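Asker: here is the input, now give the coordinates:
(chains A, B, C and D)
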Protein chains: 4
Amino acid sequence: MTTSTWINRGFTAPFTATGISALVPPPPWHYAGWLLNVAFSFAPECAWPLLPPALGRVVGRGCVHFADWQACTDGHELLDPVLAQYRETIVVLEIERPDGSHCMYCPAIWVDQDISLLRGLLQGWPKKIGSTYLTRSLPLAHPAAAPLRVGTRLGASLAVKERRLIDAQATLSGENGKPLGFLSLPTLGAVGWADLRRPQQMPEPLLVRPDIRDRVHSDWHAATATLQLHPHPGEDIGCLGDIEAGEASAGWVGITVAGARDADG
Amino acid sequence: MTTSTWINRGFTAPFTATGISALVPPPPWHYAGWLLNVAFSFAPECAWPLLPPALGRVVGRGCVHFADWQACTDGHELLDPVLAQYRETIVVLEIERPDGSHCMYCPAIWVDQDISLLRGLLQGWPKKIGSTYLTRSLPLAHPAAAPLRVGTRLGASLAVKERRLIDAQATLSGENGKPLGFLSLPTLGAVGWADLRRPQQMPEPLLVRPDIRDRVHSDWHAATATLQLHPHPGEDIGCLGDIEAGEASAGWVGITVAGARDADG
Amino acid sequence: MTTSTWINRGFTAPFTATGISALVPPPPWHYAGWLLNVAFSFAPECAWPLLPPALGRVVGRGCVHFADWQACTDGHELLDPVLAQYRETIVVLEIERPDGSHCMYCPAIWVDQDISLLRGLLQGWPKKIGSTYLTRSLPLAHPAAAPLRVGTRLGASLAVKERRLIDAQATLSGENGKPLGFLSLPTLGAVGWADLRRPQQMPEPLLVRPDIRDRVHSDWHAATATLQLHPHPGEDIGCLGDIEAGEASAGWVGITVAGARDADG
Amino acid sequence: MTTSTWINRGFTAPFTATGISALVPPPPWHYAGWLLNVAFSFAPECAWPLLPPALGRVVGRGCVHFADWQACTDGHELLDPVLAQYRETIVVLEIERPDGSHCMYCPAIWVDQDISLLRGLLQGWPKKIGSTYLTRSLPLAHPAAAPLRVGTRLGASLAVKERRLIDAQATLSGENGKPLGFLSLPTLGAVGWADLRRPQQMPEPLLVRPDIRDRVHSDWHAATATLQLHPHPGEDIGCLGDIEAGEASAGWVGITVAGARDADG
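Answerer: Model prediction:
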């Protein structure tokens, strides 16, 4: 084989002729995870720094998702699960689009693994590294198992750069819950890449919508919840001010992402 | 309150009058987790460096457990799960005691969290820090969910001090599996504490058996498995030489530890 | 070699006939590191939960040390530095002993590595896992180098279980500084091990003093500093209340620990 | 302030009107660090998968840099050093450009922090997360200090996804060393971003050269070194085959990056 056959086979850096090193392979990307979803309300006028006004009107509702994921492409990642597993905290805000439809927009998200970080940036989910913990519900009647039954309590937390940023606690009500946040509405993101050749120019992000296929989920288990947003010098999600926890739910979801489309495409 | 009322309320260091800072509170300790258990066989004569001959005869069977735990005392840890969750890899070897009974002995175990590390040392489980990954089985029919059904493949790995030490891969057979390793027999450990006032003297470890109560478990799901033990300059588990994977099983277990007893008590 | 020759050669668990796996080898232990030391004052009556009254009278002075260490025994750790390097935050409080002499006592310390954690517990330094960051001073005139000259600013932080616990900032004055805290006075610690066979009994800690040899240090560089202690649900160091930063200094120190003695020995 | 004033002030995601959350602020970016540089040689025909043939002719020389960095923009990062510090391992290969000039190209690099990861991708340094350890030389005569004098030994290692990938050991010769690798020649990188709207299309990377200003360095300390490249399923740097360590050096360097230019600009 000669160098004349060199074709980049890396979907992301490093770009090589084998593609083996590329941090992220091309989609489809399969995700399955355990989620705690806590809806919240806030004063809509507070959110303006977080999203372009062209997106539409902020309605004053949002959701924090704490997620414990397993992801794969062809499945080899499940045999070496350091490649598959990560936890993340996702914030989405509900928007009324100019055409009257509703969607979600993701202004902030933190994950604990590089593959997911870059995959997120490509989808317009603005991932940074953060550390999420989330109580799991195990199918056992035991004090440490947090089983899916009325009265079970779950906790979740996010720390970013060594500071606690978000905490939540939830109590299962024993009733059926709802899919909330990005599980309930199409979710838009902003993709953009700075160009160091023009180092003082901010990117003009492109609004995209992931192309989601093959969604499956368990029952959603309803919960009452509390939610705290702590001050943080490196985050502007605190501009939302006092947020009030609303409905909450927990359960498992599986999603396959095949690509993305223009937000209005 | 005056200093004359000072009583140490720390079960472990730091020792203070509040006990708040103590890394480990007194038992009972409740654990619930998802486990992949891979039994193995080896040449019994290889194991002698790993355990005191007074324990009994090494029969040439052992088990590696990869575990994704949640642990608590009064339950507050489940509301702030950084206190509750950890992963670990456990090696146990089967012994025929001088009285003809069989038990397990734990010569090596690695965990990713301090609370569990110290709790382990107190029980004679010789924990060091190591990083375990373990595919989870989620109750979804989805490519990333590894559901509990025939043909599903699971992976597990342990890295210690930046080197991969153990890998396993398992395929669910769809049949009922067995509890293996420490789930099948009482398990002994060696507790000992060096005394820096006699810095060249090795401790004489005390053999103990945890006092386990309230064990519950899900069905065990049988699997075929492969198991690799990689060379490592800081570990002597490699003295077992070629190990051969045998039966394997996966499932959930809940245990409560109330204390410990002398091994022969 | 037969099993009849089995002798435990592990100074700490795991206890094996090779001693290879033992987390901590016997002393001497050599440490060298870069430290930021910030002295502080507090109301002496606040400290009573933190130390046994028999130690003596709390004088209302203490020190926080942020340290970036390299440690070794026979030197092999410096060739595989994952074995050698760690960071820690140390709190010491000054005591007037019943005999009128002064010493320090360590009621709280956090480190990011297992070898150091256990080595600390053996010395009566009550280590738990925590994450320390500390600006380094590099011998370059560059905006990112924080060189040792008047006006250079340094920062330091400690996070424990995902929460920021201590922050400090310091500005070098260009003057000679002092050794502070454990660098200025003998330092006592409390060693104790819970016995799970008596699970509700708190240990009675033994007060010891490390046997330190071969101390070397660079010049100490004086600084003015600020120090913040944040509330934390799992730590009782906050009982000190408002603390006020005093003198500060930065520099390098090397220490060899050969063992320990009874505090009054 | 109204939403009509919304301007993206984020240089990287998240894109917000404050820019506070953006993971990476615009350059200039200042870096200062301690580096161990190990040059190596290899069979030039092995390297073809790693770089586009249009870059020029691979000459069979390269360098691995192990680096312990501190980075900042306006300096606030040095006051909260979790924002400033990281370690990384850099591989560069020497190229003879079509015009006969020589340069370096970076086909692989691993870092332990998100800010640096994204900053790298923007410069064409194809960073992924990896864990680097590197013995530091402290200005003390002490067994743990590895001072800068003849005979001192240093170690370095890189682990990626729980597997050791590169190890090096070096012994200082007491002689003056050279700047090697990216410290000796301009270094090119490949910038590219996959577009999820065309999910099966690989990016066509742009070759760029960082615009470096204000470089300072200490003396370089020469060393003899060994270098090992271990097999890794997720990396293709192993295609280089047997590599042979050549010259090595250690020292401190400070660099300021102001932007980037086209490789041939």
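
Asker: burial count for A:Pro53?
Answerer: 14 (other Cβ atoms under 10 Å in any protein chain shown). Bear in mind the C-beta positions are built from the backbone N, C-alpha and C, glycine included.

Asker: next one, pLDDT for the closest residue to chain B within the stretch 51-200 of chain A please.
Answerer: Among the residues of the stretch 51-200 of chain A, A:His142 lies nearest to chain B; the distance is 3.0 Å by Cβ to the nearest Cβ. Looking at A:His142, its pLDDT stands at 97.

Asker: for the residue lying closest to it once chain neighbours are set aside, what are its contacts?
Answerer: Among residues not flanking A:His142 along the chain, B:Gly254 sits closest, at 3.0 Å (Cβ to Cβ, 6 or more residues apart in numbering or on different chains). Residues near B:Gly254 by Cβ atoms under 8 Å, 6 or more residues apart in numbering or on different chains: A:138, A:140-145, B:30-33, B:214-217.

Asker: the same query, at a cut-off of 7 Å, please.
Answerer: If a contact means Cβ atoms under 7 Å, 6 or more residues apart in numbering or on different chains, then B:Gly254 has A:Leu140, A:His142, A:Ala144, A:Ala145, B:Tyr31, B:Ala32, B:Arg215, B:Val216 as its contacts.

Asker: wouldn't the fifth one be in contact with B:Ala71 here?
Answerer: By that I understand B:Tyr31. Yes. Using Cβ atoms under 7 Å, B:Tyr31 is in contact with B:Ala71, at 4.6 Å.

Asker: what about A:Ala190, which SS state?
Answerer: Following DSSP: H, G, I helix; E, B strand; the rest coil, A:Ala190 is assigned to strand.

Asker: do you know how far it is from D:Gly120?
Answerer: 22 Å (Cβ to Cβ, to the nearest Å).

Asker: for A:Ile212, same thing?
Answerer: 30 Å.

Asker: one step back: joint contacts of B:Tyr31 and B:Ala71?
Answerer: A:Ala144.

Asker: shaky segments in chain A?
Answerer: The model of chain A has pLDDT under 70 over residues A:1-4, A:265.

Asker: give me the most central residue, it.
Answerer: A:Ile90 (3.9 Å; Cα atoms, centre = their mean).

Asker: quick one: strands adjacent to the helix or strand hosting that one?
Answerer: Using DSSP states H and E, A:Ile90 maps to strand A:85-96. In the sheet, strand A:85-96 lines up against strand A:57-72 (antiparallel), strand A:102-111 (antiparallel) (DSSP bridges).

Asker: need these in CSV (columns: mean neighbour count).
Answerer: Compiled in CSV, these are given as follows (neighbours: other Cβ atoms under 10 Å in any protein chain shown):
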stretch, mean neighbour count
strand A:57-72, 23
strand A:102-111, 24
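
Asker: tell me which of the ones you listed sits nearest to B:Trp6.
Answerer: Closest approach to B:Trp6 among these (Cβ to Cβ): strand A:57-72, 40.8 Å.

Asker: the host helix or strand of the residue nearest to A:His142 pairs with which strands?
Answerer: Element membership for B:Gly254 (DSSP H and E) is strand B:244-262. Applying DSSP bridges, strand B:244-262 is found paired with strand B:29-41 (antiparallel), strand B:206-217 (antiparallel), strand B:221-229 (antiparallel).

Asker: and the last one, what's buried?
Answerer: When neighbours are counted by 16 or more other Cβ atoms under 10 Å in any protein chain shown, the buried residues of strand B:221-229 are found to be B:His221, B:Ala222, B:Ala223, B:Ala225, B:Leu227, B:Leu229.

Asker: distance between that strand and the chain's centre?
Answerer: 17 Å (Cα atoms, centre = their mean, to the nearest Å).

Asker: what does the stretch 101-250 of chain A put close to chain B?
Answerer: A:133-136, A:138-146, A:153, A:155, A:157, A:169, A:216, A:218 (Cβ under 7 Å from any Cβ of the partner chain).

Asker: what subset of those residues is buried?
Answerer: For these, a burial check counting by 16+ other Cβ under 10 Å picks out A:133-136, A:138, A:140, A:142-146, A:155, A:157, A:169, A:218.

Asker: which of these sits closest to C:Glu45?
Answerer: Minimum distance to C:Glu45 across those is 34.2 Å, recorded for A:Ser157 (Cβ to Cβ).

Asker: pull the contacting residues for that closest one.
Answerer: A:Tyr133, A:Arg164, A:Ile166, A:Asp167, B:Asp80, B:Val82, C:Glu162.

Asker: report how many residues lie close to A:Gly19.
Answerer: A:Gly19: 19 neighbours (other Cβ under 10 Å).

Asker: how much space between the closest residue to A:Gly241 other than its chain neighbours and chain D?
Answerer: Of all residues not flanking A:Gly241 in the chain, A:Cys46 sits nearest, at 4.9 Å (Cβ to Cβ, 6+ apart). The spacing between A:Cys46 and chain D, counted by Cβ to the nearest Cβ, to the nearest Å, is 12 Å.

Asker: from what I see, A:Cys46 and A:Asp242 are in contact.
Answerer: No. Using Cβ under 7 Å as the test, A:Cys46 is too far from A:Asp242 to be in contact (9.0 Å).

Asker: between the two, tell me which one has more neighbours.
Answerer: Set A:Cys46 next to A:Asp242 and count neighbours by other Cβ under 10 Å: A:Cys46 wins out with 16 against 10.

Asker: am I right that the more buried one is in a helix?
Answerer: Yes. Counting by three-state DSSP, A:Cys46 falls inside a helix.

Asker: residue numbers of the stretch 101-250 of chain A in contact with chain C?
Answerer: Near chain C, when you scan the stretch 101-250 of chain A using Cβ under 7 Å from any Cβ, you find A:Ser131, A:Ser157, A:Ala159, A:Glu162, A:Arg163, A:Arg164.

Asker: nearest to A:Leu206 among those residues?
Answerer: A:Leu206 lies nearest to A:Ser131 out of those, by Cβ to Cβ, at 29.3 Å.

Asker: may I see the strands paired with strand B:244-262 arranged in a markdown table, with distance to D:Pro107 as well?
Answerer: Formatted as a markdown table, these follow (distance: least, Cβ to Cβ, whole Å):
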| stretch | distance to D:Pro107 |
| --- | --- |
| strand B:29-41 | 36 |
| strand B:206-217 | 49 |
| strand B:221-229 | 29 |
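
Asker: highest average neighbour count across those?
Answerer: With neighbours defined as mean count of other Cβ atoms under 10 Å in any protein chain shown, those peak in mean count at strand B:29-41, which reaches a mean of 25.

Asker: starting at the chain centroid, how far to that one?
Answerer: That offset, for strand B:29-41, works out to 7 Å (Cα atoms, centre = their mean).

Asker: repeat for stretch A:113-122
Answerer: Averaging C-alpha positions (Cα atoms, centre = their mean) puts stretch A:113-122 11 Å from its chain's average.

Asker: what about that stretch and chain D, touching?
Answerer: Yes. With Cβ under 7 Å from any Cβ as the criterion, chain D is reached by stretch A:113-122 at A:Asp114, A:Leu117, A:Leu121, A:Leu122.

Asker: out of these, who's nearest chain D?
Answerer: Among those, A:Asp114 lies closest to chain D (Cβ to the nearest Cβ), at 3.9 Å.

Asker: neighbours of that closest one, just the number please.
Answerer: 23.

Asker: for the stretch 51-200 of chain A, what spans make up the strands?
Answerer: Per DSSP state E, counting those that start in this stretch, the stretch 51-200 of chain A carries strands over the ranges A:57-72, A:85-96, A:102-111, A:127-129, A:131-134, A:153-160, A:163-176, A:187-191.

Asker: columns distance to D:Ser184 on top of those strands, output as TSV?
Answerer: Shown next, in TSV, are the strands of the stretch 51-200 of chain A (distance: least, Cβ to Cβ, whole Å):
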stretch	distance to D:Ser184
strand A:57-72	41
strand A:85-96	38
strand A:102-111	37
strand A:127-129	32
strand A:131-134	39
strand A:153-160	38
strand A:163-176	40
strand A:187-191	37
